[in-house]
Every structure is written in structure tokens, then in C-alpha cells.
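A.B. asks: Sequence first, then the predicted structure:
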Amino acid sequence: MKVSHAADRHAAPAGTETFTGAVWMASAFAADGPGTMNSVEVHFEPAARTHWHSHPDGQVLVITEGRGWTQVAGGDPTRIASGDVISVPAGVQHWHGADPASAMTHLSITGEGGTAWDGNAVTDAEYEAVAR
């Protein structure tokens, strides 16, 4: 068993090559072999968001604070808030981020394949159309 203590995690700014806006990430645990998982706590300032991406092994998001949005490619946007849990199937392209009027924090859990940053940025026009 491994324990990841909150006091041992330190958030760092996320890269602008995969996020738009102010985003902070702190790794909770990393996959260390076949069949294991990764977990990252991600904090989005208002209107910050991921670029389009997918996960080879799927993803579970647990919204721990605030409000935001998520959308799968070709689907309708969905409002999300503290306490919500989102399950994204393997290989499904999507994005998620904070509402324009609220920061949002989530715990992301993925399989050993992590994240495939296989899409473009969600443009300001696309985001504004969703987050009205």
C-alpha cells in the first residue's frame, strides 16, 4: 500500500501547450506498472480549460470544488459542479474546465496510459458558446 499525503503534494503551473488559462496541477500518484493508475489534482481558475484530449485507458474526474464544463467531441456541453463524478470511456476525445464565474478543482484518475494530447485548444469562441 502507498499513501499520498496532502502535505507532500505541491502544485505547479500546467503547460500552456495543453491548457488555456491559469491551471495548477499536483500529482497524487503515478502508475508504476501494468494495470496501475495515475491521479492528478487539477485546479482551474475561472474560464481556464484543457485542450481537446483523450485517455487510452479512460478517465474518471471527481469534481471537488467549484463549477465548470465538459464536452465530448460531437456531443453537447455538460455543466459540472462540486460532488459530480464524470466517467470518460477509453479513447473518447473531450475537454473540461472551469466556468467563467467560478474556479474548479478536480481529481483526475487515469490508467497507466495517461493522457493523449491529441487535439487542439478549445478556442475562446468555442468556450464562450458553451459556457453561457
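C.D. replies: Alright, I've got the coordinates.

A.B. asks: Could I get the buried residue list for whichever strand in the chain runs longest?
C.D. replies: Identified as the longest strand of the chain according to DSSP state E is strand 59-72. For strand 59-72, a neighbour-count test (16 or more other CB atoms under 10 Å) marks 59, 60, 61, 62, 63, 66, 67, 68, 69, 70, 71, 72 as buried. For the C-beta atoms, the positions are set from N, CA and C on the backbone; glycine is no exception.

A.B. asks: between those, which is nearest residue 88?
C.D. replies: residue 59 (4.4 Å; CB to CB).

A.B. asks: What does the pLDDT read for that closest one?
C.D. replies: As predicted, residue 59 sits at a pLDDT of 96.

A.B. asks: swap in residue 83?
C.D. replies: On pLDDT, residue 83 comes in at 98.

A.B. asks: so what's the nearest residue to it once chain neighbours are set aside up against?
C.D. replies: Leaving aside its sequence neighbours, residue 83 sits nearest to residue 63 (CB to CB, 6 or more residues apart in numbering; 6.5 Å). If a contact means CB atoms under 8 Å, 6 or more residues apart in numbering, then residue 63 has 80, 81, 82, 83, 84, 85, 86, 104, 105, 106 as its contacts.

A.B. asks: how about the strands in this protein?
C.D. replies: Using DSSP E, strands in the chain cover 12-13, 19-20, 23-29, 37-44, 49-50, 59-72, 78-81, 85-88, 94-98, 104-111.

A.B. asks: In a markdown table, list the ones you listed along with distance to residue 132.
C.D. replies: Shown next, in a markdown table, are the strands of the chain (distance: least, CB to CB, whole Å):
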| stretch | distance to residue 132 |
| --- | --- |
| strand 12-13 | 28 |
| strand 19-20 | 17 |
| strand 23-29 | 22 |
| strand 37-44 | 18 |
| strand 49-50 | 15 |
| strand 59-72 | 10 |
| strand 78-81 | 11 |
| strand 85-88 | 20 |
| strand 94-98 | 14 |
| strand 104-111 | 17 |
